[in-house]
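Undergrad: this one's structure only:
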RNA sequence: GGCUCCGUAGUUCAAUGGAUAGAAUGUAGGUUUCCGGUACCUAAGAUGAAGGUUCGAUUCCUUCCGGGGCUACCA
């Protein structure tokens, strides 16, 4: 397909030179709109001035030239300044044959570049929520897409397992926990720890109220609450390796991480390398010392360390607290260095929400100022937050959608729908459960990935469990249908082998399907360069939709013309494979039956 | 306030500066005894406002209106 497109572009380029002496090497062909005849369209408006001719005239002459000089072009139509080109009938069969013969139909050639993708990056003080789901699905999908695009990919996860916020849940547990454990409470570890993070917040607020009644202002009260001092003291004790604090920390972290492990398994995501902030913050502090020696950072009288980025249009930014403990960005400097030492990747992608745009701008500037070899190739894949119909998720208002709960609900809905409509006779209990899992997770993943990552999106719980229209299950259903046809064809010993012949013509519905299949690699490239799984989601939806249209218009098994029957069967099989591969890039598994 | 992102059918999402702005959902109607109807077909329905650049603007620029985020010695 690309070959043909390039050939036509070249012909147009040649025509422009010979007819009008115009040098234009990058001719962009676009798809012809549905309501017009043709496959590719060339817009000739840009050449009006240089050619000294009205656009329709240019298009006419160019059309005649291309028709005479390009082997793939049959007819052309001129509509104002648009030149619509139709391919020769036989070309469509050639394109299909080419796709079928391509042993690397779903994998682009190696780019010899290494990409490190950091995603998930949870805090070990509370369970995962809806926002984390978008993050995890995005990160995993981008990794799959980059791999298909020919990059060497390393998936990493930076666990934020230390810091003042972690101390808050530890402290609350110490104060109110009465020694309960995931075992004694029957709670998943991350949920149990989350309970104490909430408990801290509650106690903190109560103290603030008390202080305000004693005449303090809001700000004073917030800064002077005793429980906050306790948390700060605990952080200091932690950084000084106080054995008791460390023991509590290790205990509670292990609970959380075991809980996350279960969630990750359910999500179907994984990592090649897990970094822990507790192992990188010291390196970060070392880098602060280096930067201080280099004069990149400066120290204020109270001992805190800062960087001045006013020349870069930013602000002063703290990199080390006055008590010497590290902050978020300190640790990020250390992690960046560690990653470079471990992998030396050419590109480093951080999948983190857009509320941290400023943070990453600062981080990347700091790395540049420190003259680090890994100061280039950094990219913040900044995604929008997920809103609920009721507005923003707020933990203190109890409107947070828990990741584990949501996944369980989706699977339950899939089960109900399948019991009602599915064709799963003969499935074992295990097979049924696996199917419900694939459908529920497919629906959720597709729902969160079909939107452009950069944009904030609305999560409507009612619509998300809808399995009709532009949804994961629609795509899964289409695939199951395809496999059903393929199975039946095998039973009837229908062959999918045919030999190419330029006299074979394809119906419009077939041509359009072939066109989409032939576009697969272009879409991978596009999705990889934009780091946007939504490109793939849109594509696989279009493909499934086009297949359904083809399916209602044309017979496959019942086709009497044996050549047509074989071609259609091979086309159906190829469509099925393409849908499966594209869906996998989103982390969505398409079933054989449902 | 400063910085920044975003305003597209009732709703949720599309559209490298190109043709009559695409889907889905919802609404109204329909699908040949057909290989799986979670499907297919038809209809009505939208670019926040005003300027500007351009042969051509949802897209680029300016102002206004509306919304989000950042503006922590939290992460």
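TA: Everything's here; your move. No experiment lies behind these values; they were computed from the predicted model shown. Numbering: from 1, shown residues only, chains lettered A, B, ... in the order given.
Undergrad: Wondering if stretch A:269-285 reaches RNA strand B at all.
TA: Yes - Stretch A:269-285 reaches RNA strand B (CB under 7 Å from any atom of the strand) through residue A:277. For glycine as for every other residue, the C-beta is placed from the backbone atoms N, C-alpha and C.
Undergrad: for that stretch, how far is the first residue from the last?
TA: 32 Å (CA to CA, to the nearest Å).
Undergrad: List the buried residues in that stretch.
TA: A:269, A:271, A:275-281, A:283-285 (16 or more other CB atoms under 10 Å).
Undergrad: What about residue A:581? Give its phi and psi, please.
TA: Dihedral pair for residue A:581: phi -70, psi -40, per degrees, to the nearest 10.
Undergrad: Any figure for the gap between it and residue A:258?
TA: To residue A:258, residue A:581 is 34 Å away according to CB to CB, to the nearest Å.
Undergrad: could the buried residues of stretch A:269-285 go into JSON lines alongside pLDDT and secondary structure?
TA: Compiled in JSON lines, those are given as follows (pLDDT from 0 to 100; DSSP: H, G, I helix; E, B strand; the rest coil):
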{"residue": "A:269", "pLDDT": "98", "secondary structure": "coil"}
{"residue": "A:271", "pLDDT": "98", "secondary structure": "coil"}
{"residue": "A:275", "pLDDT": "96", "secondary structure": "strand"}
{"residue": "A:276", "pLDDT": "94", "secondary structure": "strand"}
{"residue": "A:277", "pLDDT": "93", "secondary structure": "helix"}
{"residue": "A:278", "pLDDT": "93", "secondary structure": "helix"}
{"residue": "A:279", "pLDDT": "93", "secondary structure": "helix"}
{"residue": "A:280", "pLDDT": "93", "secondary structure": "helix"}
{"residue": "A:281", "pLDDT": "92", "secondary structure": "helix"}
{"residue": "A:283", "pLDDT": "94", "secondary structure": "helix"}
{"residue": "A:284", "pLDDT": "95", "secondary structure": "helix"}
{"residue": "A:285", "pLDDT": "94", "secondary structure": "helix"}
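Undergrad: Show me chain A divided up by domain.
TA: What automatic domain parsing lists as the domains of chain A is A:2-87, A:403-585.
Undergrad: Deepest-packed of those domains, please.
TA: Mean neighbour count (mean count of other CB atoms under 10 Å) peaks for domain A:403-585 among the domains of chain A, with a mean of 18.
Undergrad: May I have the distance across that domain, first residue to last?
TA: Start and end residues of domain A:403-585 are separated by 21 Å (CA to CA).
Undergrad: related to what we said a few turns ago, from the buried residues of stretch A:269-285, pick the one nearest RNA strand B.
TA: residue A:277 (6.3 Å; CB to the nearest atom of the strand).
Undergrad: Helix, strand, or coil at the residue of chain A found nearest RNA strand B?
TA: When scored by CB to the nearest atom of the strand, chain A has residue A:469 as its residue closest to RNA strand B, at 2.1 Å. Secondary structure assignment for residue A:469 (DSSP: H, G, I helix; E, B strand; the rest coil): coil.
Undergrad: How much space separates it from residue A:460?
TA: Taken as CB to CB, the span from residue A:469 to residue A:460 is 13 Å.
Undergrad: again, but for residue A:351
TA: The value you get for residue A:351 to residue A:460, if CB to CB is used, is 24 Å.
Undergrad: next one: residue A:498
TA: According to CB to CB, residue A:498 and residue A:460 sit 47 Å apart.
Undergrad: related to what we said a few turns ago, let me have the domains of chain A in JSON lines, extended by mean pLDDT and distance to residue A:147.
TA: What follows is those, written out as JSON lines (pLDDT from 0 to 100; distance: least, CB to CB, whole Å):
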{"stretch": "domain A:2-87", "mean pLDDT": "91", "distance to residue A:147": "21"}
{"stretch": "domain A:403-585", "mean pLDDT": "94", "distance to residue A:147": "9"}
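Undergrad: so can I have JSON lines of the ones you listed showing distance to residue A:176?
TA: Formatted as JSON lines, the domains of chain A follow (distance: least, CB to CB, whole Å):
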{"stretch": "domain A:2-87", "distance to residue A:176": "63"}
{"stretch": "domain A:403-585", "distance to residue A:176": "23"}
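Undergrad: These: which one's closest to residue A:156?
TA: When the domains of chain A are compared by CB to CB, domain A:403-585 sits nearest residue A:156, at 15.8 Å.
Undergrad: Give me the distance between residue A:116 and residue A:343.
TA: Distance from residue A:116 to residue A:343, by CB to CB: 6 Å.
Undergrad: okay, these two: which has more neighbours?
TA: residue A:116 (26 against 18; other CB atoms under 10 Å).
Undergrad: give me the element the more buried one is part of.
TA: Here residue A:116, judged by DSSP states H and E, is contained in strand A:114-118.
Undergrad: Fine, thanks again, bye for now.
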